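>>> Dropping a prediction and its sequence here:
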Amino acid sequence: MEQQHRAALRSIDDLVGASALKGDIVRWQKDVTKLPQAILLHGPSGTGKTSTGVLLAKMLLGLEFFDTSFIETNASDDRGISYIRDELKQLMRVKPVGTKKKVILLDEADGLTPAAQDAMRRLIEKYSEHTLLILTCNDLEKIRPAIRSRCAVYGFSPVDPIKGAQRLSDVYTYDAPTLIRLVQMMNGDMRACINFLDAAGDAYTSRIDDLESTMDDSVARAIEGDWMKLRSNLHNSLRSGLELTHVLSNFYDNIYEHFEEEENLDSIWNMMVAYGDVMTHKHTWVGNNYSYLDYMVAKMKTEVEKNE
């Protein structure tokens, strides 16, 4: 699935967003001495950061792009300082053979502890002459200022639904309106779109219809105080292919639409309080855990009933 996504990024013209990066890539290709000490790509999940990092490495290395000149690793696998000292240091310190630069792509750098980031900063300073470190992260604020100051920083935004549908049509032979609906539902997260389409197969249209219907019904159940049905709907949405963040954001969007109505405003405000409380703990989430949905439903029930 990830390979399919990357395959769609064949050249610099395929990059969506981060327009400033395009000009810099061309400049670096002409003169590698102009490369920064490190590069940091940040933005929401599924906006193409990892794919762009791979494409960037291919364009910079050209014919010298091979296993020993490009290495991809993930900071979420080991977040502590031991990973930096024992693994990343070894990868960065070894000089490349047959090429002027070696490129290391480190995904989810915002998962590293502060101590690990401090150690990584020293590695960047020491080995940047022959090793280019490309970092990706979802939350820029979790990257320490000392790291950011040593990087060329580029932000990525959720993909526009029409452009996202065009990108998907390179891989999937589905109708454009349905693909646009899917990109909207996934908030521009292209990786989530690909995962959903791969799982849904030929039943993708009915799966999207079911998801939209379920999310619409979830708000109605919340307003009626049918908390068990709300819980069931949210669980089903997560089970059917939506990631946790998309379940919550779609639920929020549906709640927000009810502000235009004069009825049930007190309940809607109370639900917003509960939703906000859940989102303040977002940085602690690990995976698509159903317990977060249960917590939100319980919080909503408490807030609504407390203020009745």
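Right, received. Where do you want to start? All values derive from a computational prediction rather than experimental measurement.
>>> Give me the contacts around the helix or strand encompassing residue 267.
Using DSSP states H and E, residue 267 falls within helix 265-279. Outside helix 265-279, the residues that touch it by C-beta atoms under 8 Å, 6 or more residues apart in numbering are 222-223, 248, 251-252, 255, 258-259, 292, 295-296, 299-300, 302-304, 306-307. Where you see a C-beta, it was placed from the backbone N, CA and C, and this is true even at glycine.
>>> For the lengthiest helix in the chain, which residues meet the burial criterion?
Looking across the chain with DSSP state H, the single longest helix is helix 204-224. Buried residues in helix 204-224, counting neighbours by 16 or more other C-beta atoms under 10 Å, are found at 204, 207, 208, 211, 214, 215, 218, 219, 221, 222, 223.
>>> tell me the contacts of residue 229?
Here residue 229 is in contact with 217, 221 (C-beta under 8 Å, 6+ apart).
>>> So for the strand or helix carrying it, mean pLDDT?
Applying DSSP H and E as the criterion places residue 229 in helix 227-239. Across helix 227-239, pLDDT averages out at 88.
>>> any low-confidence regions in this structure?
By pLDDT under 70, the weakly predicted segments of the chain are 1-19, 75-78, 241, 259-263, 282-288.
>>> Strands of the stretch 51-200 of the chain, start to end?
Assigned by DSSP state E, counting those that start in this stretch, the strands in the stretch 51-200 of the chain fall at 70-74, 102-107, 131-137, 151-155.
>>> quick one, which of these is nearest to residue 40?
Residue 40 sits nearest to strand 151-155 of all the strands of the stretch 51-200 of the chain, at 3.9 Å, using C-beta to C-beta.
>>> And the closest one, what's buried?
When burial is assessed from 16+ other C-beta under 10 Å, strand 151-155 yields the following buried residues: 151, 152, 153, 154.
>>> so what strands line up beside it?
Counting by DSSP bridges, the strands paired with strand 151-155 are strand 38-42 (parallel).
>>> And the strand it pairs with, how far out from the chain middle?
For strand 38-42, the separation from the chain centroid amounts to 14 Å (computed by C-alpha atoms, centre = their mean, to the nearest Å).
>>> and what of stretch 112-121?
Mean-position distance between stretch 112-121 and its chain equals 21 Å (C-alpha atoms, centre = their mean).
>>> Dump that stretch to PDB, restricted to CA.
Included here for stretch 112-121 are C-alpha records, laid out as PDB according to Å, rounded to 0.1, in the frame of the first residue of the first chain:
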ATOM      1  CA  LEU A 112      11.800  10.800  20.200                       C
ATOM      2  CA  THR A 113      12.300  11.800  23.800                       C
ATOM      3  CA  PRO A 114      13.900  15.200  24.500                       C
ATOM      4  CA  ALA A 115      17.200  13.500  25.500                       C
ATOM      5  CA  ALA A 116      17.200  11.500  22.300                       C
ATOM      6  CA  GLN A 117      16.600  14.700  20.300                       C
ATOM      7  CA  ASP A 118      19.500  16.400  22.100                       C
ATOM      8  CA  ALA A 119      21.800  13.500  21.200                       C
ATOM      9  CA  MET A 120      20.500  13.500  17.600                       C
ATOM     10  CA  ARG A 121      21.400  17.200  17.300                       C
END
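>>> Name the residues of that stretch that are buried.
Neighbour counts over stretch 112-121 (16+ other C-beta under 10 Å) mark 112, 116, 117, 119, 120, 121 as buried.
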